[in-house]
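*Asks:* Build me a model:
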Amino acid sequence: MNKVYYLASCDTCRKIIKSLPKDNNLVFHDIKQNPITEAELEEMHKLAGSYEALFSKKAQLYKSMDLKNKSLTEDDYKKYILEHYTFISRPVFIIDEKIYIGNTQPVTLQVTKALEK
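*Replies:* Numbering: from 1, shown residues only. Model prediction:
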C-alpha cells in the first residue's frame, strides 16, 4: 500500500500533494488528526535506516526545547517523534516499499517518478 504521512495544515505538504499525478492511489495519513503509531514508525525506520533520518531539526519544538545542544540518541529521536507530530520530517511517502522523506525538490521529483510507474 502506497502511503503519505503529512500535515494537512502545512502549506508545503499541500503544495507537494497537489503537484502529484492525479491517479496516484496514495493513502493519505494526516499525522495531526491521526498520530503515527509505534508500528508505523517502525516500518518507516526499517525503510529509512534510522530515526534521525525521519526527524525534523527544523521543528519549532526542536529549537524551543534546545535539543540542538543535546546529544540525541536513536531512542531519543524515536521518543520525540512519537510524542509530537512536529518532530517528523514531512511529508513521508512510502511507495512500493521505498521511503521518501521531506520536502526538497529532489525528493519531490523522486516521488513523482515513483508514482508514474
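*Asks:* Residue 26: how many residues sit nearby?
*Replies:* Number of residues near residue 26 (other Cβ atoms under 10 Å) recorded here: 19. Where C-beta positions appear, they are placed from N, C-alpha and C, glycine not excepted.
*Asks:* what residue is smack in the middle of the chain?
*Replies:* residue 92 (3.1 Å; Cα atoms, centre = their mean).
*Asks:* show me what contacts the residue lying closest to that residue once chain neighbours are set aside?
*Replies:* Residue nearest to residue 92 in three dimensions, not counting chain neighbours: residue 5, with 4.3 Å by Cβ to Cβ, 6 or more residues apart in numbering. By Cβ atoms under 8 Å, 6 or more residues apart in numbering, the residues touching residue 5 are 29, 31, 36, 40, 44, 88, 90, 91, 92, 93.
*Asks:* ok, now residue 72?
*Replies:* Residue 72 neighbours (Cβ under 8 Å, 6+ apart): 52, 80.
*Asks:* Now name the helix or strand holding it.
*Replies:* Assessed by DSSP states H and E, residue 72 sits outside every helix and strand.
*Asks:* Would you state the predicted confidence (pLDDT) at it?
*Replies:* Here, the pLDDT recorded for residue 72 equals 97.
*Asks:* Where does the residue nearest to residue 92 sit, in terms of helix or strand?
*Replies:* According to DSSP H and E, residue 5 maps onto strand 3-6.
*Asks:* Alpha carbons of that strand, in PDB - could you do that?
*Replies:* Coordinates of each C-alpha in strand 3-6 appear next as PDB, following Å, rounded to 0.1, in the frame of the first residue of the first chain:
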ATOM      1  CA  LYS A   3       1.000   6.000   1.700                       C
ATOM      2  CA  VAL A   4       1.800   9.600   2.500                       C
ATOM      3  CA  TYR A   5       2.200  10.900   6.100                       C
ATOM      4  CA  TYR A   6       1.600  14.600   6.000                       C
END
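*Asks:* Fine by me, thanks again.
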